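K.L.:
Return a 3D structure for these sequence lines:
(2 chains)
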Amino acid sequence: MSAAAALLDRLGRPGDVRLGTAQGEPIRQLPTGLAALDRALGGGLPRGRVTELAGRRSTGRTGVACAIVARATQAGETIAWIDVDDALEPETVAAAGVVLARLLWVRPRGVPDALRAAEMLLGAGGFGLVALDVGDAGSPGPAPAWPRLARAAERSGTALLVIEPQRRAGTFAALGLEVTGRRARWSGGPGRLVVLDGIDARMLIARNRVGRPGQSLVLRQACA
Amino acid sequence: MPRIACLLVPDLPVAAACRADPELAGRPLVLVDGSGPHAHVIAASRGALARGVQPGRHTVAQARALAADLVVRTRDAAAERSAAHALAEVAASLASRIETAADGAVYLDATGVTHLVASEAALATALVARAARVDLAARVGIGASMTVARLAAEHGDGTEVVSAGVERGFLARLPLACLAPAPDIAATLQRWGIHRLGDLARLPVAEVATRLGPAGAALIRAARGEDERPLAPEPLPAAVEEAVALEYALDSLEPLLFVLRGLVERAVARLGLAGIGCARVALALGLDDRGREARALPLAAPTRDVKAILGCLRAELEAHPPRAAIVHVALTAVPEAVRAMQMGLFVPPGPAPERLATTLARLSALCGPDRVGAPAVVDSHRPGAARTAPFALPPAEQPDRPPADSVCRLVVRALRPPRPVEVFTERGEPVFVRGEGLGGRVVGAAGPWRVVAEWWSEDGVARDYYDLELTDGGVYRCYREHGGPPPPAERGARSGSPAEREARSGSLDRWYLDGVYD
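P.N.:
Got it, this is the predicted structure:
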């Protein structure tokens, strides 16, 4: 066998392409900074994908989102927070470890404006994470918004984190996290000063297209 | 040997009118000073000239008799000023020493310009191309003096370069009328058989001066390509202004935005010549009732995005409509360098500065300038105080050590403005809370913590704060306010008489919900 034939056998002959064998580009991940969650997700939130973080009032979903943003801003990422309810408190967010100078705070006047703002921010590129906090407003807009947001996130490679009362994105979300089972912790008692210590909750990875769904973990949140 | 370039727009008033209203381009247009059929034509487009209209001689009625399809417009000094400034900015984008002539022609010092562009011919081509970007069809001439450059621009091929040493040859073939001599001098020279500049240049200056006076001597020096004075450079105004006088008063927003779009596009094109962005927009509106209104719109970041600037203008005009119809619009764009920054090799790449600026401007137009920015902690004891600071990415720095894993902190979602709630108390302790979107028995409570802040001002607060866990599942931050006027959100929002409310709450103090632990 000639050297040329040996090389062709080794490297493959022209036209000898097997369809369906191409490997997709691995999905990059944004570490959340919460060790248990990172372990369960295999590294963090998927970049370029939609992640839903759903939970009812006082389940600690905003605290989880702040922890993720804190880790990302400390790593030098630029983050945008779209705040429909105008609910962000800079003081408590800073106490949670967020580098405020790296956080762009956008306060739209309703869910439709929030969706447009999210598309603009995803279109700008360069943001590590865009957090769309629809608060207690319920559905974050009409169903056609989801494919648009998912496409924009994929094009820009930015992780889109939607914080909402219930998961709504369906198949357009790569990751669905649900926070349930809240229990407030109080310290003190009769004759002593009573203080709110924090909240314990359970997080369920309800949907995971890039890993194994169904895992759950305990979240223990302390007052800042 | 100095080199001078002349950037010229023939018949600037007509060009300015066509620039302000592009639909006029190519049509037989005359500009008049005044109104009515007896107003004199002061400028005419090529189409009108071809139909026999003569500026300075014909009235509107006479011009209409010559051309039935004539378009008549009143001369717009503001539009002409904008066009002249735009032309000066084109010159300033390629030269540091420029002078603007009274008729709008711009002279620029082209000495050593080959360090910037490949050749003088390339400079001429670049000037014409940049003038086209601001909607002006310009001609360029380059020569050893302002006179040669001007004549080269007027009578050359559009980008005429008269090389050093051949000026006399170039000028010699031009007719005497090029220098626009006074009629009596022109008649005398005609009698002497002088028809071209070459003939004139050969005459002795002193002899001619004794017969025709200083004007005759000046003509000969011009025919030889000599200037009466050197170039006198002047600084350009920092702000870019585009203005237009409207033919009809506009009383609705959409047509006004259509006009504004043209102004913004032209202003942005001018800013683009220097590679800078618009940091602030000022709008001066002339009203139909002879009044004036002025608006100033700061943008979140310097930008050249027309859509973003228009969005801000729309938001401002929708929020604060002018009190009368608009007859004159002047838009001033205050320039500022678009932010540039050094990216780090070992830190995540942030948004590109110009795209970030454009995005910020668009977000400002969508949400309002005060609702986009970096959150900033307010130096106040008032809980929930917040403000936004202009968002500018800090320089990329590699963290000293990798970020540690976060501790999950419970944060407070603020309610702005605080929501009034009814709180039922027993022995001074809250036992039941009822309000919009929440309600339930208190199952956990902590407090009160007294907060007294800014007691010296009218906005001072004196509150007792409680953390309350209710049976509806929420953990809330509530406060009881002592005295002071109710916040605006409460006025009219609560039903019943004060006595009823007092009976329900069991206290004269007002209770509010201002945050939810989440």
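
K.L.:
Just the strands from chain A, written as ranges.
P.N.:
Assigned by DSSP state E, the strands in chain A fall at A:29-30, A:45-46, A:50-55, A:79-83, A:103-106, A:129-133, A:159-164, A:175-187, A:195-208, A:216-223.

K.L.:
Now do the third one against strand A:216-223, angle only.
P.N.:
In other words, strand A:50-55. Angle, strand A:50-55 to strand A:216-223, by axes from the mean of the first three to the mean of the last three C-alpha atoms, to 10 degrees: 70 degrees.

K.L.:
what does the longest one give?
P.N.:
Direction vectors for strand A:195-208 and strand A:216-223, defined by the same axes, to 10 degrees, enclose an angle of 150 degrees.

K.L.:
Please name every helix or strand in contact with strand A:195-208.
P.N.:
helix A:35-41, strand A:175-187, strand A:216-223, strand B:438-453 (3 or more C-beta pairs under 8 Å, 6 or more residues apart in numbering or on different chains; DSSP states H and E). (C-beta placed from N, C-alpha, C; glycine too.)

K.L.:
I'd like these as CSV, with mean pLDDT appended.
P.N.:
Formatted as CSV, these follow (pLDDT from 0 to 100):
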stretch, mean pLDDT
helix A:35-41, 89
strand A:175-187, 87
strand A:216-223, 82
strand B:438-453, 87
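
K.L.:
before we move on, back to that, do you know which of the strands of chain A lies nearest B:Gly165?
P.N.:
Closest to B:Gly165 of those is strand A:103-106 (C-beta to C-beta; 61.0 Å).

K.L.:
And stretch B:103-113, end to end?
P.N.:
Stretch B:103-113 stretches 25 Å from its first residue to its last (C-alpha to C-alpha, to the nearest Å).

K.L.:
where does the stretch 1-150 of chain B dip in pLDDT?
P.N.:
Nowhere does the stretch 1-150 of chain B drop to pLDDT under 70.

K.L.:
Quick check, the residue in it closest to chain A?
P.N.:
Chain A sits closest to B:Arg133 of the stretch 1-150 of chain B, with a gap of 25.5 Å, by C-beta to the nearest C-beta.

K.L.:
Which one, of the strands of chain A, ends up nearest to B:Ile220?
P.N.:
Evaluated with C-beta to C-beta, those place strand A:103-106 nearest to B:Ile220, the distance being 68.0 Å.

K.L.:
how about the strands in the stretch 201-350 of chain B?
P.N.:
Listed in chain order, the strands of the stretch 201-350 of chain B (DSSP state E, counting those that start in this stretch) span B:240-250, B:277-287, B:292-303, B:326-336.

K.L.:
residues of stretch B:44-63 that come out buried?
P.N.:
B:44-45, B:47-49, B:51, B:53, B:55, B:58-60, B:62-63 (16 or more other C-beta atoms under 10 Å in any protein chain shown).

K.L.:
farthest-separated two in the residues you listed?
P.N.:
B:Gly47 and B:Thr59 (18.6 Å).

K.L.:
which residues of chain A score low on pLDDT?
P.N.:
A:1, A:10-24, A:137-143, A:191, A:224.

K.L.:
So for it, the centremost residue is which one?
P.N.:
With distances taken as C-alpha atoms, centre = their mean, A:Leu161 lies nearest the centre of chain A, 3.6 Å away.

K.L.:
List the contacts of that one.
P.N.:
A:Leu161 sits next to A:45, A:51, A:53, A:65, A:68, A:129-132 when contact means C-beta atoms under 8 Å, 6 or more residues apart in numbering or on different chains.

K.L.:
For it, list each beta-bridge partner.
P.N.:
For A:Leu161, the beta-bridge partners are A:Thr51, A:Ala131 (DSSP bridges).

K.L.:
and the gap between it and A:Thr32?
P.N.:
Distance from A:Leu161 to A:Thr32, counting by C-beta to C-beta, to the nearest Å: 10 Å.

K.L.:
what's the overlap in contacts for those two?
P.N.:
Residues touching both A:Leu161 and A:Thr32 by C-beta under 8 Å, 6+ apart: A:45, A:68.

K.L.:
Now do the SS call for the residue of chain B at minimum distance from chain A.
P.N.:
Using C-beta to the nearest C-beta, B:Pro351 is the residue of chain B that sits closest to chain A, at 3.1 Å. Secondary structure assignment for B:Pro351 (DSSP: H, G, I helix; E, B strand; the rest coil): coil.

K.L.:
For the helix ranked longest in chain B, buried residues please.
P.N.:
Longest helix in chain B, counting residues (DSSP state H): helix B:253-273. By neighbour count on 16+ other C-beta under 10 Å, the buried set for helix B:253-273 is B:253, B:256-257, B:259-260, B:262-273.

K.L.:
still on that earlier bit, ok, now which ones touch the closest residue to the residue of chain B closest to chain A other than its chain neighbours?
P.N.:
Excluding the flanking residues, the one nearest B:Pro351 by C-beta to C-beta, 6 or more residues apart in numbering or on different chains is A:Gly126, at 3.1 Å. With contact taken as C-beta under 8 Å, 6+ apart, A:Gly126 is in contact with A:78, A:156, A:158, B:349-352, B:355-356.

K.L.:
Also B:Ala414?
P.N.:
Residues counted as contacts of B:Ala414 (C-beta under 8 Å, 6+ apart) are A:86-89, B:384, B:386, B:514-515.

K.L.:
Max pairwise distance over the residues you listed: which two?
P.N.:
Most distant of these, by C-beta to C-beta, are A:Leu88 and B:Asp514, 13.7 Å apart.

K.L.:
So for the two, which residue has more residues nearby?
P.N.:
Neighbours per residue (other C-beta atoms under 10 Å in any protein chain shown) separate A:Leu88 from B:Asp514, with A:Leu88 holding more: 25 against 22.

K.L.:
So what does the closest residue to chain B within chain A look like in phi/psi?
P.N.:
With C-beta to the nearest C-beta as the measure, A:Gly126 is the residue of chain A nearest to chain B, at 3.1 Å. In terms of degrees, to the nearest 10, the main-chain angles of A:Gly126 are phi 90, psi -20.

K.L.:
ok, and for stretch B:286-301, which residues are buried?
P.N.:
B:286-288, B:297, B:299-301.

K.L.:
what do you get for stretch B:182-197?
P.N.:
By neighbour count, with 16+ other C-beta under 10 Å as the criterion, the buried positions of stretch B:182-197 are B:185-186, B:188-189, B:194, B:197.

K.L.:
still on that earlier bit, the residue of the stretch 1-150 of chain B closest to chain A touches B:Leu273, doesn't it?
P.N.:
Yes. Between B:Arg133 and B:Leu273 a contact is recorded at 7.1 Å, counting by C-beta atoms under 8 Å.

K.L.:
what packs against the helix or strand that contains B:Ala91?
P.N.:
Here B:Ala91, judged by DSSP states H and E, is contained in helix B:77-92. Secondary-structure packing of helix B:77-92 (3+ C-beta pairs under 8 Å, 6+ apart): strand B:4-8, helix B:12-20, strand B:98-100, strand B:106-109, helix B:120-133, strand B:240-250, helix B:253-273.

K.L.:
Dump those into TSV; add distance to B:Leu468 as well.
P.N.:
Listed next are the helices and strands packed on helix B:77-92 as TSV, based on distance: least, C-beta to C-beta, whole Å:
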stretch	distance to B:Leu468
strand B:4-8	73
helix B:12-20	64
strand B:98-100	71
strand B:106-109	72
helix B:120-133	64
strand B:240-250	56
helix B:253-273	47
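
K.L.:
one step back: Throw the contacts of A:Leu161 into TSV and include neighbour count, thanks.
P.N.:
Below are these laid out as TSV (neighbours: other C-beta atoms under 10 Å in any protein chain shown):
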residue	neighbour count
A:Leu45	27
A:Thr51	28
A:Leu53	24
A:Ala65	23
A:Ile68	28
A:Leu129	25
A:Val130	28
A:Ala131	28
A:Leu132	28
